[in-house]
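Enquirer: take a look and give me a structure for this.
(4 chains)
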2 protein chains.
Amino acid sequence: MPKGTDATTTRESATRARTRRAILDAAVTLLSTDPAASLGDVAEAAGVGRTTVHRYFPERSDLIAAIGADITERVEVATNRARLDDGPAPEALERLCQEYFELGDRLMLLYDVPQFAEWSGFEQETPADRAILALLRRGQEQGTLDPHTDTGWMQEVLWALLYAAWLRTRDHGTPRHAALTQCLRTLAKATAS
Amino acid sequence: MPKGTDATTTRESATRARTRRAILDAAVTLLSTDPAASLGDVAEAAGVGRTTVHRYFPERSDLIAAIGADITERVEVATNRARLDDGPAPEALERLCQEYFELGDRLMLLYDVPQFAEWSGFEQETPADRAILALLRRGQEQGTLDPHTDTGWMQEVLWALLYAAWLRTRDHGTPRHAALTQCLRTLAKATAS
DNA sequence: TCTTTTTGGAACAACGGTGTTCCCTTGTGG
DNA sequence: CCACAAGGGAACACCGTTGTTCCAAAAAGA
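Expert: This is a model prediction of the structure:
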């Protein structure tokens, strides 16, 4: 995919774009509960023939990579929307957490299956990572975030709490808003100065 | 394994016991990084023939179940060692965290691969779970733990932070003691009243 | 409507993992 | 030292997944 993210680039027909999305979304949902699901399962979940899946993603690794790329992009978008440079650091962190929480299943994949991260260059520091670390440092300098906690660790905690919150909505039927509220509260306490 | 955990029950020769352990340990280490590793890989990692693996664990599911049972038992032992009923709740929680941290790779398996939990009855409330919840409630009643945080969520946070700490030692080369210290500090802040 | 995309399904070969059997070698313990 | 327990390795059939090809049906779009 060498083309930019320009909206009107004549890449593929609207029909094809929709099928691609269907497959991608179904794959995310399915693989987030069973990372070893077969392509046949993915096809069925997407309401599509197995042949069609292969038409869009010749090999399994292509599908994996596409999912990785998709998630990476969504993470970037979510990060931008949180406007990390604005206002007090704790509030920016809360906005970020809310945005990430919206990513749902996708988060779990990134955390669960290292493959997705590896196959899409997510392993190294992404712009999002850098932005978060910058935010955390800013908070420490301004005295609103705990200066005695390593920023890298703080970031890890952010992801871990998000993951835990999602686990609860998935396996315990906890309502999304309740899980998110708990998550935000705990994160705030853990990072407070 | 119908026999009890009595130490001197003549179950199998010392040799067989050692081989079983070798396979079990190798499997834990290997599967914690790649849950889809083949039995051949496990055998190789254990320094043992593939045939031998089948001799001890006829089917793959038998190996999985054995790992699950092994971990469950270790969790129970660790929980008992932490003596959750003694002293202030926050300190008991810290002891528990330290004990669990010692379980290493095994923790990640329990978290990563739901199968291990399912195939060994870990899904439902274990004695360890009940003991932890009791501890958390005790802390809340005595005013040493945050009464506004759901105990179930606190427990989830405990596991999530442990997992995050182990991730850092595994992938970032953070020394174990450093990771544990960060983990304890964050957990204390997150659960403090 | 008619043409062009797009899809579904069948059939196929290849591959890797699994579970089993058999036999020979190693070594543990009496 | 010897018998018996234990492990290694080769060979085998079986199965599910993968990736491919081909053709007919369905759906878009002009």
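Enquirer: separation between A:R20 and A:A26?
Expert: Counting by Cβ to Cβ, to the nearest Å, the gap from A:R20 to A:A26 is 11 Å. (Glycine included, C-beta is placed from N, CA and C.)
Enquirer: same thing with A:T151?
Expert: On the measure of Cβ to Cβ, A:T151 and A:A26 end up 37 Å apart.
Enquirer: ok, A:L109 next?
Expert: Counting by Cβ to Cβ, the gap from A:L109 to A:A26 is 13 Å.
Enquirer: same question for A:A134.
Expert: Separation of A:A134 from A:A26 (Cβ to Cβ): 36 Å.
Enquirer: between the two, which is the more surrounded one?
Expert: A:A26 (19 against 13; other Cβ atoms under 10 Å in any protein chain shown).
Enquirer: what about the residue nearest to the more buried one when sequence neighbours are not counted, neighbour count?
Expert: Excluding the flanking residues, the one nearest A:A26 by Cβ to Cβ, 6 or more residues apart in numbering or on different chains is A:A46, at 3.6 Å. Neighbour count of A:A46, defined by other Cβ under 10 Å: 22.
Enquirer: which parts of chain A sit against DNA strand C?
Expert: Selection of chain A residues close to DNA strand C by Cβ under 7 Å from any atom of the strand yields A:E12, A:S13, A:T15, A:R16, A:T19, A:G47, A:V48, A:G49, A:R50, A:T51, A:T52, A:R55.
Enquirer: list buried residues within the residues you listed.
Expert: In terms of neighbour count (16 or more other Cβ atoms under 10 Å in any protein chain shown), the buried residues within the residues of chain A next to DNA strand C are A:T19, A:V48, A:T52.
Enquirer: out of these, which sit inside helices?
Expert: Judged by DSSP state H, those include A:T19, A:T52 as members of helices.
Enquirer: now the buried ones among the residues of chain A next to DNA strand C as a markdown table including pLDDT?
Expert: Shown next, in a markdown table, are these (pLDDT from 0 to 100):
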| residue | pLDDT |
| --- | --- |
| A:T19 | 98 |
| A:V48 | 98 |
| A:T52 | 98 |
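Enquirer: tell me the secondary structure at the spatially most distant residue from the centre of chain A.
Expert: Distance to the chain centre peaks in chain A at A:G143, reaching 28.9 Å (criterion: Cα atoms, centre = their mean). Secondary structure, DSSP: H, G, I helix; E, B strand; the rest coil: A:G143 is coil.
Enquirer: any idea how far DNA strand C is from it?
Expert: Distance, A:G143 to DNA strand C, using Cβ to the nearest atom of the strand, to the nearest Å: 54 Å.
Enquirer: check contacts around A:Y56.
Expert: Neighbouring residues of A:Y56 by Cβ atoms under 8 Å, 6 or more residues apart in numbering or on different chains: A:R16, A:T19, A:R20, A:I23.
Enquirer: quick one: residues contacting the residue farthest from the centre of chain A.
Expert: Listed by Cβ under 8 Å, 6+ apart, the contact set of A:G143 reads A:S193.
Enquirer: try the one 10 residues further on
Expert: Residues in contact with A:W153 (Cβ under 8 Å, 6+ apart) are B:A164, B:R168, B:Q182, B:T186.
Enquirer: ok, which pair from those is furthest apart?
Expert: Largest separation among the contacts of A:W153 by Cβ to Cβ: B:R168 and B:T186, giving 11.8 Å.
Enquirer: ok, A:A190 - how many residues close by?
Expert: When neighbours are defined as other Cβ under 10 Å, A:A190 has 23 of them.
Enquirer: find the nearest non-adjacent residue to it, please.
Expert: Ranked by Cβ to Cβ, 6+ apart and with sequence neighbours excluded, the top spatial neighbour of A:A190 is B:A190, at 4.5 Å.
Enquirer: isn't the one you found up against A:A188?
Expert: No - judged on Cβ atoms under 8 Å, B:A190 makes no contact with A:A188 at a distance of 9.4 Å.
Enquirer: which non-adjacent residue is nearest A:R20?
Expert: Nearest residue to A:R20 in three dimensions, chain neighbours excluded: A:Y56, at 5.5 Å (Cβ to Cβ, 6+ apart).
Enquirer: actually A:E102, not the one I wrote
Expert: Residue nearest to A:E102 in three dimensions, not counting chain neighbours: A:A78, with 6.9 Å by Cβ to Cβ, 6+ apart.
Enquirer: before we move on, what about A:I132?
Expert: Nearest residue to A:I132, sequence neighbours excluded (Cβ to Cβ, 6+ apart): A:Q155, at 5.6 Å.
Enquirer: also A:H54?
Expert: Once flanking residues are discounted, A:H54 sits nearest to A:L39: 7.5 Å by Cβ to Cβ, 6+ apart.
Enquirer: pull the number of nearby residues for that neighbour.
Expert: For A:L39, using other Cβ under 10 Å, the count is 16.
Enquirer: got it, and A:D86?
Expert: A count of nearby residues for A:D86, using other Cβ under 10 Å, gives 9.
Enquirer: quick check, A:L63 in contact with A:R55.
Expert: No - here A:L63 lies out of contact with A:R55, judged by Cβ under 8 Å, at a distance of 11.6 Å.
Enquirer: write out the residues of chain A neighbouring DNA strand D.
Expert: Counting by Cβ under 7 Å from any atom of the strand, the residues of chain A close to DNA strand D are A:13-15, A:38-41, A:50-51, A:54, A:58-61.
Enquirer: farthest pair within the residues you listed?
Expert: A:A14 and A:S38 (28.9 Å).
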